[in-house]
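In: here is my input; please provide its structure:
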Amino acid sequence: MSDAVKLSPSTNRDAKSGVAFASRHGLGVACGLAAGVWLGAAEAPTKLVNSGLSPFAISLCMVAGVFTARWTVPTLLKGSRYVFADLAANKHLLITAILAGMLWAVANTLTVFAIRDVGLTIAFPLWNTNSLVGILWGRLLFGELKGASGKNIAKVLLGALAIIAAAVMLGFSTIHGDSNHANHAVSGVLAALGASLLWGTMYIPYRKAYISGMNPLSFVTAFTIGELGTMLALVLALDGGTKAAVFHSPEAKHMLFWLFLGGFVWVIGDLFQQFATKYLGIGRGIPLSNTNQIWGVAWGALVFGELAHADNAHRLLVVAGSVMMILGALAVSTAVATSREHTSTNDSLVRECERYNLDYHSVVKAYGGSEIGNRSEKRGWWDYAILSAAVGFFIYLGVNARVPDLGINFTWLCVLMVVLIVTALAGGWGLWKATRFS
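Out: Residues are numbered from 1 along each chain as shown. You can find the predicted model right below:
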């Protein structure tokens, strides 16, 4: 019988204070905001693609880039020996991780349909309502915000709503002239709302994995199997099977680099999002990562000149939306969990330990980012082979890529790339110093 099952009520109370001690609110906030920077930047490479490929094909290409990144980044940070040892220790979560990947793949495909039918301006705010779905699931299934003060509940809920409202304002700031999507408005809105529901639900497996002590880097490695498998199945079943254009079109290879790059950038943001979800929970972590739209608008306006001919009203929407999103993020980030909330979190930990016969003290350590055990992080030769293959593949795709004839402000491109690099280095350094990426 596990240690968790043997815990007496008094021991439980002592353990709960340990969970509060292990809280890493500041680190989670930093990861959530870093996720927003990188997830917003992931849109930029896809702006360079004007392919005529189906939404299924575009999603498959992006997921292929995601698959490449999800296997190489954990290998780079922890080594495959560590990743597979963690997966072996959490075999009960493998199906959960694969299921989460399947949900992501379907949701991502729905977003492509939504963008096609109603445009990114309308679709983005609609699917960003996933933060409200996440808050609901977090409260119902994991006791998040249970025992929180009224002030904290107001900060989280009003902050999330402010971020969504800001996303709407930023979205409408990019509308110029008549929309070309009116004929498909209903299907586009439904696709965006479907993506919101699936993405909000996808965070249930995330949270379940982390309160069981699984490392986010290991989780995403299994997660990507569900992603790629689902996308292949969708293309084969609904997009022409083995005769699908993505497998045969000579034009496809010229745009693969940009779609792969978008997927790779997205993964960096998603890893920060995973750690934010681990250390803040769904209700706080997801609204913070949903600040990605402010960065998406920044890339569109500053690098691609999307607001060059905007009138004062649209520019005012950008300013107002940006301020509102910052205020919403500030509200969520200052809602520091109280000891009563940590008690609810501990109850979830105990439940998982009893359900799967896990060692409670080991799970608490892992959940707090203070891992115990002897998992080797020593790299094998195959790790270097994996990294070399990924780099070589990107070089090959880059050599064959075709740069579209599109106006780009290279000054702002360099500035935003510096922001990306600084954010990744600062966030990565914080995670390494505090948790060794645990």
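
In: could you use CA atoms for every contact and neighbour count after this?
Out: Noted.

In: just confirm T423 contacts G32, I think it does.
Out: No. Here T423 lies out of contact with G32, judged by C-alpha atoms under 8 Å, at a distance of 11.2 Å.

In: and these two? which has more neighbours close in?
Out: When T423 and G32 are compared for neighbours, G32 comes out ahead with 34 against 19, by other C-alpha atoms under 10 Å.

In: show me where pLDDT drops low in this protein?
Out: Within the chain, the stretches falling below the threshold (pLDDT under 70) are 1-23, 46-52, 119-121, 173-184, 371-376, 404-406.

In: report the central residue of it.
Out: Centroid check for the chain by C-alpha atoms, centre = their mean gives D270 as the closest residue, at 3.1 Å.

In: contacting residues for that residue?
Out: Going by C-alpha atoms under 8 Å, 6 or more residues apart in numbering, D270 touches A35, L39.

In: so it is in which element?
Out: Assessed by DSSP states H and E, D270 sits inside helix 252-280.

In: look at A185 and say how many residues are nearby.
Out: Here the count is done by other C-alpha under 10 Å, and A185 has 17 residues near it.

In: apologies, that question was intended for V265.
Out: 23.

In: over to L157?
Out: For L157, the count of nearby residues is 20 (other C-alpha under 10 Å).

In: again with R379
Out: R379 has 16 neighbouring residues, counting by other C-alpha under 10 Å.

In: what residues are up against it?
Out: G79, S80, R81.

In: and if you look at L33?
Out: Counting by C-alpha under 8 Å, 6+ apart, L33 touches L288, S289, T291.

In: contacting residues around the last one?
Out: The one in question is T291. With C-alpha under 8 Å, 6+ apart, T291 has these contacts: L33, G36, V37, G40, I163, M325, A329.

In: can you lay out the residues you listed as CSV showing distance to E354?
Out: Formatted as CSV, the entries for these read as follows, by distance: C-alpha to C-alpha, whole Å:
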residue, distance to E354
L33, 34
G36, 35
V37, 38
G40, 39
I163, 37
M325, 40
A329, 36
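
In: just the buried ones from those residues?
Out: Listed as buried from the contacts of T291 are L33, G36, V37, G40, I163, M325, A329; burial here means 16 or more other C-alpha atoms under 10 Å.

In: helices - which of those land there?
Out: When DSSP state H is applied, the buried ones among the contacts of T291 are split such that L33, G36, V37, G40, I163, M325, A329 fall in helices.

In: I'd guessed the second one sits against N290; true?
Out: Put plainly, it is G36. Yes. Contact between G36 and N290 holds when scored by C-alpha under 8 Å: they sit 5.9 Å apart.

In: now G281: phi and psi?
Out: The phi and psi values for G281, taken as degrees, to the nearest 10, are phi 90, psi 170.

In: what is the neighbour count of it?
Out: Counted with other C-alpha under 10 Å, the neighbours of G281 add up to 28.
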